[in-house]
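>>> structure here, sequence nowhere to be found:
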Ligand code: ZN
Ligand code: ZN
Ligand code: FE
C-alpha cells in the first residue's frame, strides 16, 4: 500500500539512486549509492515500513553498479512483472478527514477525499495491477492540481490511484421527491431528522439509514425491510458518542478507529438513547464509526447515531449499482444519496468482536478481503465455493488461502448469481487457473452444482471437517487436533443432519469420535424456523410429555417424531439450543438465523455453576453427549417457575462441562491435547468462554477463531485448506476422508 512511493521518498532521503517495481511475488527495490547509505536505507525500511504494510520477508542481493540516473518508479506492466496483490478497502485516514474539515482547504467538504494510505481499493478494482486505469476511477481525469499531487514525491498523494477533488472526481447526487437542499449532505440530513429512511451509497454497496434514536423511524425501516428482530448496526459520529452507549475497551477502540473499521459487537450500557428496536432483547450492540469522508460529513452534520444496515431486501444480496439500488430499494428508502463512482465488486461491512482480548471476525468482508492467510504448506491452486449459508468463497494460491467476499445465503437466484460472479472475479483478479474445485459434501447445495459446472476435478469436504480445518488455518496449524464443531446444520456422510460433533481431524481427514445424541428433526426447514418443534422432539426423546398441546400443529409434529415420518435424525447443537430456548419461553419462532440461541445467551445471568444440570458423556467412538437429563431438569425447573436467567446460565455451563468431559475422553485414547472450538454455536461468546476456560484449566490447548469466522462464513477457507492439502499430499489417509459423494 503506497509502497513504491514510500520507497522512492526513502531512497531520496538517503541520497540513493535506482528504481522500484512490482513483481508477481513482491516488490523489487534496486538501489545504488554509498555502502553506509544503503545499509541505513535497508534498516529503516525494515524498522518502519509504510503504515498498513507488513514486510513478510526481505531478500538482499549485491549487484554491480549500473549508474542509475535518479530514482524511478517503474509502472507495472499488465501480465508481466505485475503484482497480484489487491489491497483491501481502507478507511479514510485522519489527515484526509482533517482536510475535509478545514475551512479554506481545497478538499473542504469533498466526500471522496483519499490518499496513498486510504480509500477504496478492492471494491473499485476491475483488473490488476492496481493502477487507476483498471479501477472504476478510470473515467475521472485528473485536474491540474490533482495531477501535480500525483506526480509530486513530497505529496501524500504521490501515486495515489484514487486521488480526486471536487473539480475532477466523483460527485454526489440525491434522488428524492422532497424539497431540494442547498447541498446533497444537507438535504439528506434534514430528511433523516424528519424520520426518513435514506439509502446511502458507500464503498462496496448501499446502506439503508435512519435516525437510531427515533423509535418510529427504526420501526418503519424494519417493517419495510421485512426484518422484524435481527439487530441493526449503528454508526456513531465518533468514539465519544459511542462511549455514551457502550463500554469500549482499548482493543475495540483501536479496531473502531483504525484503517479496517468493521462493525464491532460491544456490550451495551443502560439506559440508552437508542431506540429499543435497534437490537431488541440483546445486551450487545453492533457499532461502527464513519469510514468514508461521506459518512463523516453526514454523521457530523446529523450529530446523532444512525442505523446503517445493509442495503438489501431480506434474503437478497447487497445492491451495488445505482439502478439496482433504485429498483431493489424502492419502497424501503424515501430518498437516495448516490454518487457516480461505480462499485466493481460488492462488499459488505465486516463484523468483529473482542474475545478474551483478541479480535475475532464474525464476518470477513470490507477492510479484510482479499488479504491472504498463510496455509502453512504449498499446494496446487484451486477454488473453494463455500457453503450455502453465510457463504464466502475462498481461493488457494500456492502457499496462501485468499478468502473472498461475504456473499450470504444462496437461497435466491440473485444471490447465486452474485456468488458465481464473486468466484469468477476472484479467479480472474488473482490470475488463478484452478486445478480443483472444493465444495460441501451436501449433494443439494447450490455450491455443489456450481462446482460441477467448472468441469475440473472436484473435492467434496464434509461440513464440520471444513469448520475444524478453517480453525487450523486461522491458527497457522496443520496438525491433528480434537475439533468440537457445533452448529445448526451440516450434511453428514451418513445422510443425517450433523451439528454437535466431536472430531479428531487434520487437513487430510477426520474421524467422528463423538456427537450429541441424535433426535428426530421434524419437518426440515419448519423445525429451524419454529424452535418449539425441536422442543417437542427433545422432550419426547427425554420421556417428558410436551407442553405444546395448544399449538395447532402439535399433534402432527408429535406424530412425526414418534413415528419417524418426515424426519431425519440430527445431532445438531444449534437445534438443542433452540429446543432449550423454547422450553424457557424465550421464543417459539425465529425470524433470523440463531435468534433463539442468541436471546438465550442474552438471558443468561449467573454462569458459575451448572447446579444439577448435567449432560452425561457415554459410549465409545462415537462418544454420546446425552442431553436427555438436561432437558428433563429444565422442564422441571420451568414447571416450578424458576428464574429463566438462572436456568439459561446453567444450560450454558452444563454444555461447556460436556465439551470438557468429551475432550478428556478423547485425550485418554488419542493423547491429543489441542482442541479447536468451531462452528456457528461458537459465535456465542458465553459458550466459547466457558468451554475455553474449562479446557485450559484441564491443561488443554484451546484454538479459537480470529481472522476466519467460526460460523459458515469460514467454511470456504476450510474447504480450500483440505483440498489443497489432499492434492499436494496424495499419500494422505483416504480411509478417514469424507466417504463417497
Ligand atoms: Zn488519506
Ligand atoms: Zn482534482
Ligand atoms: Fe456450520
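Yep, that arrived. These numbers were taken from a predicted model, which means no experiment stands behind them. Residues are numbered from 1 along each chain as shown. Ligands and ions are numbered 1, 2, ... in the order given.
>>> the residue in the stretch 251-400 of the chain that ligand 1 sits nearest to: how many residues sit nearby?
Ligand 1 sits closest to residue 293 of the stretch 251-400 of the chain, with a gap of 9.0 Å, by Cβ to the ion. Quick note: C-beta positions are derived from backbone N, CA and C, even for glycine. Using other Cβ atoms under 10 Å, residue 293 has 23 neighbouring residues.
>>> that one reaches residue 112, doesn't it?
Yes. With contact defined as Cβ atoms under 8 Å, residue 293 and residue 112 form a contacting pair (6.8 Å).
>>> and the residue of the stretch 251-400 of the chain closest to ligand 1, how far is that from ligand 3?
To ligand 3, residue 293 is 38 Å away according to Cβ to the ion, to the nearest Å.
>>> now residue 440
To ligand 3, residue 440 is 9 Å away according to Cβ to the ion.
>>> that residue: neighbour count?
Neighbourhood size, residue 440 [other Cβ under 10 Å]: 28.
>>> separation between it and ligand 1?
In terms of Cβ to the ion, residue 440 sits 41 Å off from ligand 1.
>>> can you list contacts of the lowest-mean-pLDDT helix or strand in the chain?
Within the chain, no helix or strand scores below strand 17-23, which has a mean of 81 by mean pLDDT, DSSP states H and E. Residues from elsewhere that reach strand 17-23 (Cβ atoms under 8 Å, 6 or more residues apart in numbering): 3-4, 7-8, 11, 27-33, 68-74, 76, 81-83, 129.
>>> mind doing that once more with 7 Å?
Strand 17-23 has contacts (Cβ atoms under 7 Å, 6 or more residues apart in numbering) with 4, 7-8, 11, 27-33, 68, 70-74, 76, 81-83, 129.
>>> among these, name the buried ones.
The neighbour count (16 or more other Cβ atoms under 10 Å) marks 4, 7-8, 11, 28-33, 68, 71, 73, 76, 82-83, 129 as buried among the contacts of strand 17-23.
>>> just these: which are in helices?
4, 7, 8, 11 (DSSP state H).
>>> I'd like those residues as TSV, with pLDDT and distance to ligand 1 appended.
Shown next, in TSV, are those (pLDDT from 0 to 100; distance: Cβ to the ion, whole Å):
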residue	pLDDT	distance to ligand 1
4	82	17
7	88	19
8	87	18
11	90	23
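>>> show me what contacts the spatially closest residue to residue 393 that is not a sequence neighbour?
Distances taken as Cβ to Cβ, 6 or more residues apart in numbering put residue 404 closest to residue 393, at 4.3 Å, once the chain neighbours are dropped. Contacts of residue 404 were listed using Cβ under 7 Å, 6+ apart, and they are 369, 370, 392, 393, 394, 395, 422, 426, 716.
>>> ok so, going back, adjacent strands (with direction) for the least confident helix or strand of the chain?
Next to strand 17-23 in the sheet, as set by DSSP bridges, lie strand 26-32 (antiparallel), strand 71-73 (parallel).
>>> tell me the mean pLDDT over the shortest one?
The average of the pLDDT scores along strand 71-73 is 85.
>>> pull up the residues of the chain that are close to ligand 3.
Neighbours of ligand 3 within the chain, by Cβ under 5 Å from the ion: 487, 712.
>>> show me the shaky parts of the chain.
Within the chain, the stretches with pLDDT under 70 are 1, 23-25, 75-84, 179, 181, 314, 732-741.
>>> can you list the domain ranges for it.
Per the record, the chain has its domains at 3-73, 81-169, 172-339, 373-475+715-738, 484-703, by automatic domain parsing.
>>> and these, which is most packed in?
Among those, ranked by average contacts under mean count of other Cβ atoms under 10 Å, first place goes to domain 373-475+715-738 (a mean of 22).
>>> centre of the chain to it, how far?
On the basis of Cα atoms, centre = their mean, to the nearest Å, domain 373-475+715-738 sits 16 Å off its chain's mean C-alpha point.
>>> and what of stretch 109-126?
21 Å.
>>> that one vs ligand 2: in contact?
No. Judged by Cβ under 5 Å from the ion, stretch 109-126 stays clear of ligand 2, getting no closer than 9.2 Å.
>>> next one: phi and psi at the nearest residue to residue 369 once chain neighbours are set aside?
With Cβ to Cβ, 6+ apart as the criterion, residue 369 has its nearest non-adjacent residue at 5.1 Å, and that residue is residue 405. Note on residue 405: its backbone torsions stand at phi -70, psi 160 [degrees, to the nearest 10].
>>> give me the helices and strands touching the longest helix belonging to the chain, please.
Longest helix of the chain, by residue count under DSSP H: helix 644-670. The contact analysis (3 or more Cβ pairs under 7 Å, 6 or more residues apart in numbering; DSSP states H and E) places helix 644-670 against strand 481-491, strand 497-505, strand 510-516, helix 595-603, strand 617-618, strand 623-625, helix 628-639, helix 685-697.
>>> let me have those in TSV, adding distance to ligand 1 as columns.
Shown next, in TSV, are those (distance: least, Cβ to the ion, whole Å):
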stretch	distance to ligand 1
strand 481-491	40
strand 497-505	44
strand 510-516	46
helix 595-603	37
strand 617-618	55
strand 623-625	52
helix 628-639	54
helix 685-697	34
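>>> what's residue 563 in contact with, if anything?
Counting by Cβ under 7 Å, 6+ apart, residue 563 makes contact with nothing.
>>> offset the numbering so it begins at 19, please.
Renumbered: residue one is now 19, and that last one reads residue 581.
>>> grab the nearest non-local neighbour of the residue in the stretch 519-668 of the chain positioned nearest to ligand 3.
Ligand 3 sits closest to residue 592 of the stretch 519-668 of the chain, with a gap of 8.4 Å, by Cβ to the ion. Counting by Cβ to Cβ, 6+ apart, residue 506 is the residue found nearest to residue 592 once chain neighbours are left out, at 3.3 Å.
>>> thought that neighbour was touching residue 588?
No. Between residue 506 and residue 588 there is no contact under Cβ atoms under 7 Å: 9.4 Å.
>>> anything in contact with each of those two?
By Cβ under 7 Å, 6+ apart, residue 506 and residue 588 have these common neighbours: residue 517.
>>> which residues are contacting stretch 331-338?
Where contact means Cβ under 7 Å, 6+ apart, the residues beyond stretch 331-338 that reach it are 223-224, 243-245, 328-330, 343, 346-347, 361, 364, 366, 425-427, 429-430, 432-433, 436.
>>> oops, could you answer that again for stretch 458-471 instead?
By Cβ under 7 Å, 6+ apart, stretch 458-471 touches 403-406, 428, 434, 438, 455, 457, 476, 478-481, 509, 511, 756.
>>> of those, which belong to strands?
455, 457, 476, 478, 479, 509 (DSSP state E).
>>> quickly find the element holding the nearest residue to the second one once chain neighbours are set aside.
What it means is residue 457. What sits nearest to residue 457 in space, not counting adjacent residues and going by Cβ to Cβ, 6+ apart, is residue 469, at 4.0 Å. Secondary structure from DSSP states H and E places residue 469 in helix 464-471.
>>> what of residue 490?
helix 481-492.
>>> for that helix, packing partners?
By 3+ Cβ pairs under 7 Å, 6+ apart, helix 481-492 packs against strand 499-509, strand 515-523, strand 692-696, helix 733-746.
>>> contacting residues for the residue of the stretch 269-418 of the chain closest to ligand 1?
110, 114, 115, 118, 128, 129, 130, 131.
>>> didn't residue 646 look like it was pressed against residue 557?
No. Counting by Cβ under 7 Å, residue 646 does not reach residue 557; the two are 9.6 Å apart.
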